[in-house]
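Peer 1: What follows is a predicted protein model with its sequence.
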Amino acid sequence: MDFNSDFKYDLALGQLGEGWVGKMLSSQTIEVKFDFACYRTGNFFIEYESRGNPSGIATTKADYWMLIASTEKGVELKTQLRDIEKDDILFSIMLSTEKLKELCRTRYYRKGVSGGDLNTSTGVLIKSKDLL
């Protein structure tokens, strides 16, 4: 079916989605990562090593990853640790850890990139558009 303007049908579809999200939030683990440069670069940094040891995507136990791109205003969150406001988030995306690992292996823009706190981590850059 290409189009359905029936509110009851749309409501039922929305409720299916809400049920899935509810089950996921109650029984799955989610790793949440902010990227404070994505608004400027269009890329997410996905860490796989820190200080010479596997880390990040290489060691995660999470079922899903939520990647959040801050706005320029949202960069203040790094130092202020204040409540998040709607103007702080440019967009977010959630993917299964397995899907993100696959993308890190096959769709990276650059690999072996330094980043993270004090540039002590190594990771890949993935264009945000390639996460869709």
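Peer 2: Sure thing, it's come through.
Peer 1: if I look at Asp63, how far off is Arg110?
Peer 2: 27 Å (CB to CB, to the nearest Å). In short, each C-beta sits where N, CA and C put it, glycine included.
Peer 1: Check Asp130 too.
Peer 2: To Arg110, Asp130 is 12 Å away according to CB to CB.
Peer 1: do Thr97 as well
Peer 2: According to CB to CB, Thr97 and Arg110 sit 21 Å apart.
Peer 1: Would you mind telling me which of the two has more residues around it?
Peer 2: Thr97 (18 against 12; other CB atoms under 10 Å).
Peer 1: What lies in contact with stretch 55-65?
Peer 2: With contacts defined as CB atoms under 8 Å, 6 or more residues apart in numbering, stretch 55-65 is touched by 24, 28-33, 46-50, 94-97, 100-101, 104, 121, 123.
Peer 1: wait, doesn't Val32 sit right on Ile89?
Peer 2: No. Look at Val32 against Ile89 with CB atoms under 8 Å: they stay out of range, at 11.7 Å.
Peer 1: any common contacting residues for these two?
Peer 2: Ile68.
Peer 1: Between those two, tell me which one has more neighbours.
Peer 2: For Val32 versus Ile89, neighbours defined as other CB under 10 Å are more numerous around Ile89 (17 against 12).
Peer 1: which residues touch the more buried one?
Peer 2: Ile89 makes contact with 68-71, 74 under the criterion CB under 8 Å, 6+ apart.
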